[in-house]
Every structure is written in C-alpha cells, then in structure tokens.
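Engineer: with the sequence up front, the predicted model follows.
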Amino acid sequence: MAGTVPREQLPAFLAGLREAEVVAMVRVLQPVPAPQQPDRLLNTAQAAAKLGCSKSYLHRHHQQFPFVVHTGRRTLAFSSTGIDRFIKTRTQSNGG
C-alpha cells in the first residue's frame, strides 16, 4: 500500500497512519466495562436483611426509597441493584 502512494503524498499518508495508531492505542488502553448483571427483585424480608432494617420500617417508609418497585396495587418489591447503589451512595456521602 505505501509503495503505491506518490512521494509528495507520503507525509499526509504517514500522518493518517499515526492518527490511526493513536486511536487504536487509546481504544486498547480503555478499560473494558464489566458485563452488567440482570437486576433481581427482592421481597420485603430479603430487602430488609440487605439494608439492615425491619420489614415494617421498609413498608412504612417505602415512598422515600428510589429502589422500590410497585408490583401490584398493594404489593412491593425491591431492586437489588437499586439497593446496592443506595448503600454505596450513603457510604460515600458519610465518608466511608
């Protein structure tokens, strides 16, 4: 390929190769994102155990939590991934 490029166009050709090399190197060095696990819905007992609170507390305060999923008119489930995020956010905001 380089043997067919006219001599006067070689600097531009080399610049293009260098740019392609840099782009490829950046892509190689970027971390590969971990595959996301599917979210699991937890029942009240499982969510309470994970959060370290009582089932009745979860039911009384469910409107305050971003990880609550309404599965029926009076039925709640709790996103496991949402709880993990909630715990991580609370831990970070409390300096832990």
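Structural biologist: That came through, no problem.
Engineer: neighbouring contacts of the host helix or strand of Lys50?
Structural biologist: If you go by DSSP states H and E, Lys50 is part of helix 44-51. For helix 44-51, contacts defined as CB atoms under 8 Å, 6 or more residues apart in numbering pick out 42, 54-55, 57-59, 67, 76, 78, 80, 83, 87. Heads up, the C-betas are built off the backbone N, CA and C, glycines and all.
Engineer: after that helix, which helix or strand is next?
Structural biologist: helix 55-60.
Engineer: so for that following helix, mean pLDDT?
Structural biologist: Per-residue pLDDT over helix 55-60 has a mean of 94.
Engineer: so which residues make contact with it?
Structural biologist: Applying CB under 8 Å, 6+ apart, the contact partners of helix 55-60 are 44-45, 47-48, 51, 65, 76, 78.
Engineer: please redo it, this time with the cut-off set to 7 Å
Structural biologist: Outside of helix 55-60, the residues within contact range by CB atoms under 7 Å, 6 or more residues apart in numbering are 44-45, 47-48.
Engineer: which two of those residues have the greatest separation?
Structural biologist: Farthest pair in these (CB to CB) is Ala45 and Ala47. Separation: 7.4 Å.
Engineer: which of these two has more residues huddled nearby?
Structural biologist: The neighbour count for Ala45 versus Ala47, taken as other CB atoms under 10 Å, is higher for Ala47 (24 against 11).
Engineer: for Glu19, see how far away that one is.
Structural biologist: As defined by CB to CB, to the nearest Å, Ala47 lies at a distance of 51 Å from Glu19.
Engineer: before we move on, what SS does the residue nearest the centre of the chain have?
Structural biologist: In the chain, the C-alpha closest to the average C-alpha coordinate belongs to Gln36, at a distance of 7.1 Å (CA atoms, centre = their mean). Using DSSP: H, G, I helix; E, B strand; the rest coil, the structure places Gln36 in coil.
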